[in-house]
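Asker: This is a predicted model, with the sequence first.
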Amino acid sequence: MFAPLRRFRALLARLGSGKPCRQAEPPLRDGGIVLAALMTEAIRQREVEGHATTLRQLHLVLGVSQPAALRLAHRLSREGVVRIEENMSDRFESTLRLTPETRDRFLSLRYENIAETVS
């Protein structure tokens, strides 16, 4: 495995809640893990700016097909990372938001990074 993925997996491990994770079905491959992280970060960035994020926007930003973005969003929702507010007339206009737990993880990671930088 090359170095960027090793560093990224270490970062994801630090974001974990400490509880054992169950195996994803099917497991995310290296590219899927990166895509999930990019999707989560895109949603976080837009929330910080005060904007809502739709599946259609994520599909354009990430450069993946709409069905792939929908599948990944549902997987992240099942894992408790995001919450999907369904739009019944157009699924791709459904809004995605980070769960409070995910926001807390980002905040604690930010404080850890600041502490490491200061020390």
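Answerer: Right, received. Where do you want to start? Numbering: from 1, shown residues only.
Asker: Next, count neighbours for the nearest residue to residue 40 once chain neighbours are set aside.
Answerer: Spatially, and ignoring its direct neighbours in sequence, residue 40 is nearest to residue 81 (6.0 Å; Cβ to Cβ, 6 or more residues apart in numbering). Where C-beta positions appear, they are placed from N, C-alpha and C, glycine not excepted. When counting by other Cβ atoms under 10 Å, one arrives at 21 neighbours for residue 81.
Asker: wait, doesn't residue 81 sit right on residue 103?
Answerer: No: the criterion here is Cβ atoms under 8 Å, and residue 81 misses it with residue 103 at 10.4 Å.
Asker: Could you list the low-confidence segments of the protein?
Answerer: Flagging of the chain using pLDDT under 70 yields the residue ranges 1-31, 115, 119.
Asker: And the helices in it?
Answerer: In the chain, the helices defined using DSSP state H lie at 3-15, 30-48, 55-62, 66-78, 100-118.
Asker: will you turn these into TSV that also has distance to residue 90?
Answerer: Listed next are the helices of the chain as TSV, based on distance: least, Cβ to Cβ, whole Å:
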stretch	distance to residue 90
helix 3-15	31
helix 30-48	19
helix 55-62	8
helix 66-78	11
helix 100-118	25
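Asker: So for residue 92, which of those sits nearest?
Answerer: Nearest to residue 92 among these is helix 55-62; the distance by Cβ to Cβ comes to 4.3 Å.
Asker: Residue 93 touches residue 57, doesn't it?
Answerer: No: checked against Cβ under 8 Å, the pair residue 93 and residue 57 is beyond contact range at 9.4 Å.
Asker: Settle it for me: which of the two has more neighbours?
Answerer: residue 57 (19 against 13).
Asker: Quickly list what the residue nearest to residue 76 when sequence neighbours are not counted is bridged to.
Answerer: Spatially, and ignoring its direct neighbours in sequence, residue 76 is nearest to residue 82 (4.6 Å; Cβ to Cβ, 6+ apart). Per DSSP bridges, the residues bridged to residue 82 are residue 98.
Asker: Tell me who's in contact with residue 82.
Answerer: Each residue near residue 82 by Cβ atoms under 8 Å, 6 or more residues apart in numbering is listed here: 40, 43, 73, 76, 96, 97, 98, 99, 102.
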